[in-house]
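In: Using only what follows, build the 3D model:
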Amino acid sequence: MKRTILSLLLITATTLTACSSNSDDTQEERTTPVEVAEVTQEDFTIERKIAGRAATDEGTPVTPSIAGELVTLNVAKGDRIEEGETVGVVSPADQGSQVELQEVAVEQAQSQLDDARTQYDQAVEGVDTAEEQVDLAREASGAEAEQTTEQARQQYESAQQIADETKKLADEGTVPESIYEQSQERADQAESQLNQASDQGGMTSSAAAEAEAQVEQAEQAVSQAESAVEQAELGLEQAQIQLDDAREQSENEAVIADETGEVASVEASEGDQVSNQQPFATIISLNPITITASITDEQLSLFNEDEEIDIEIPTIDETVTATIDYVPSVPDDTNLYPVEAAVDNAEENIKPGMMASFLLPENVVEDALIVPADAVVEQSGESYIYLLNADGDEVERVDIEIEESQSDRTAITGDISAGDTVVTNGQLTLDDGAQVEVMKEDD
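Out: Here you go, the predicted model:
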């Protein structure tokens, strides 16, 4: 607007000067002051804006791990809270009886463990005793039985030798036959005693085997007692854990914020009973914040997850860079696709509900001739521009066609080339072949 007024003032001044200097009605050709710009040739791109809105997630619930009375509440709705800060303190319901019960359970488990260890010690002693019995039985079967058998063998051999010699004398008639019979009878008795001694040695070996069996039984008892000790130790450990849990639950709990953000809701007051199943407050994180826009199926191809995109926030007059983190495959109830992009919001100046625009650059015309939008004159359905000649003092009207246009630039086709100079200000008073004077910026 300032340039247009300046141009009109310059035109008026020039016209008045011409009139005053030509008193005999011989008017010199008027020279119009103009501003100019150069024609460029490049890909003409426009930015498509898709309306969106800032939003947050559903929030993080604040739920104590125990039920009880909310004895302290440190926040109110709308407060800002940092991760790790205490939201409130909960005093649990009466857990004293539960602690006492668990203490009794621990004592019982300890008593069972002591009994199991005693039985284990007794079983070990039983093994030692059985092994001693085995040693005694083996000694009896070894030394005593062997000695008794050897004595019986010697007696038998001596008696049998006497009987054999008596038989020879009886056969020679030196001694009566009855003497031989008596000596043989004594030899038979000695043999019977030898057999008995051998049988007693076998009986002693059987006692040793029986003692060894008792050792095996005692070892099995040790194994069973050891297993009983392990089970009793496990029972004591579990009882101790339950006792620790009961004691912990009997203590006040500080409820800690799991994230940094704003307290969106508080559903309880100090003195109220709170549950470990239902949150009593909600925290909403504002960093990062999500920008959501609903797009059509034709626009889906313009969005890809993990790509960066510029987003304009008019309320705070900023353009920020976001990362697309969700592109749906199916539409919502409105038959549109809600695209989401995450924006760093460390200062938390972007608030939920603020309007936003996704800025999508899109190539419209490749290798186009581009002029400032002010250079184009549209009149009576025609579009044209004024080209400045090489000398810089005369213009030529050139008809054009507009291919695409933005607020400050226009892509055109016509009898012009890149590098040509077009009039951008003052052209509304020009005609084909008009004389002009290019104004400098200082002018």
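In: Quick check: which helices or strands does the longest strand that the chain contains pack against?
Out: The residue-count maximum for a strand in the chain (DSSP state E) belongs to strand 355-372. Judged by 3 or more Cβ pairs under 8 Å, 6 or more residues apart in numbering; DSSP states H and E, strand 355-372 is in contact with strand 40-55, strand 289-295, strand 308-313, strand 395-405, strand 409-414, strand 421-425. Glycine gets a C-beta too; all of them are placed from N, C-alpha and C.
In: Can you check which of these gets nearest to D431?
Out: D431 sits nearest to strand 395-405 of all the helices and strands packed on strand 355-372, at 7.4 Å, using Cβ to Cβ.
In: avg pLDDT for the closest one?
Out: Strand 395-405 carries an average pLDDT of 93.
In: Now find how far off-centre it is within its chain.
Out: Relative to the centre of its chain, strand 395-405 is centred 60 Å away, using Cα atoms, centre = their mean, to the nearest Å.
In: After the helix or strand bottoming out on mean pLDDT in the chain, which helix or strand is next? Please name it.
Out: Sorting the helices and strands of the chain by mean pLDDT, DSSP states H and E puts helix 2-21 at the bottom, at a mean of 44. Using DSSP states H and E, the next helix or strand after helix 2-21 towards the C-terminus is strand 31-38.
In: send the alpha carbons of that next one over as PDB?
Out: Provided in PDB are the C-alpha atoms of strand 31-38 (Å, rounded to 0.1, in the frame of the first residue of the first chain):
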ATOM      1  CA  THR A  31       7.800   9.200 -17.600                       C
ATOM      2  CA  THR A  32       6.400   6.900 -14.900                       C
ATOM      3  CA  PRO A  33       8.500   5.900 -11.900                       C
ATOM      4  CA  VAL A  34       8.300   2.100 -11.400                       C
ATOM      5  CA  GLU A  35       9.800  -0.600  -9.300                       C
ATOM      6  CA  VAL A  36      11.000  -3.800 -10.900                       C
ATOM      7  CA  ALA A  37      12.100  -7.400 -10.200                       C
ATOM      8  CA  GLU A  38      13.800 -10.200 -12.100                       C
END
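In: outside of that strand, which residues touch it?
Out: For strand 31-38, the surrounding residues in contact (Cβ atoms under 8 Å, 6 or more residues apart in numbering) are 3, 7, 10-11, 14, 371-372, 375, 386, 388, 393, 395, 419-427, 429-430, 434-439, 443.
In: And stretch 334-349, by the same measure?
Out: With Cβ under 8 Å, 6+ apart as the test, stretch 334-349 has contacts from 54, 286-297, 299-300, 303, 309, 311, 316, 318, 320-328, 330-332, 350, 358.
In: Could you rerun that using 7 Å?
Out: Applying Cβ atoms under 7 Å, 6 or more residues apart in numbering, the external contacts of stretch 334-349 come out as 286-297, 300, 303, 309, 311, 316, 320, 322-328, 331-332, 350.
In: can you check stretch 305-325 too?
Out: Stretch 305-325 is contacted from outside by 291, 303-304, 326-327, 339-343, 349-350, 354-359, using Cβ under 7 Å, 6+ apart.
In: hmm, try it at 6 Å
Out: Here stretch 305-325 makes contact (Cβ atoms under 6 Å, 6 or more residues apart in numbering) with 291, 303, 327, 340-343, 349-350, 354, 356-359.
In: and the residues you listed as TSV, adding pLDDT?
Out: Listed next are the contacts of stretch 305-325 as TSV, based on pLDDT from 0 to 100:
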residue	pLDDT
I291	94
F303	91
V327	94
E340	94
A341	94
A342	93
V343	93
N349	90
I350	91
M354	93
A356	94
S357	93
F358	93
L359	90
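In: Excluding sequence neighbours, find me the nearest residue to Q112.
Out: Spatial nearest neighbour of Q112, excluding adjacent residues (Cβ to Cβ, 6 or more residues apart in numbering): A232 at 4.8 Å.
In: mind checking the SS state of N335?
Out: For N335, the assignment made with DSSP: H, G, I helix; E, B strand; the rest coil gives coil.
In: Show me what counts as buried in stretch 370-382.
Out: By neighbour count with 16 or more other Cβ atoms under 10 Å, stretch 370-382 contains the buried residues I370, V371, P372, D374, A375, V376, V377.
In: Pull the most distant pair out of these.
Out: Spatial extent of these (Cβ to Cβ) is set by the pair I370 and V377 at 16.5 Å.
In: The residue nearest to Q112 and A116 touch, don't they?
Out: Yes: A232 sits in contact with A116 when judged by Cβ atoms under 6 Å, with a separation of 4.3 Å.
In: ok, now how distant is K77 from V263?
Out: As for K77, its distance to V263 is 6 Å (criterion: Cβ to Cβ, to the nearest Å).
In: which one of the two has more residues nearby?
Out: V263 (21 against 12; other Cβ atoms under 10 Å).
In: could you say which helix or strand contains the more buried one?
Out: Going by DSSP H and E, V263 is in strand 261-266.
In: What are the buried residues along that strand?
Out: Residues G261, E262, V263, A264, V266 are the ones in strand 261-266 that count as buried (16+ other Cβ under 10 Å).
In: Perfect, that will be all.
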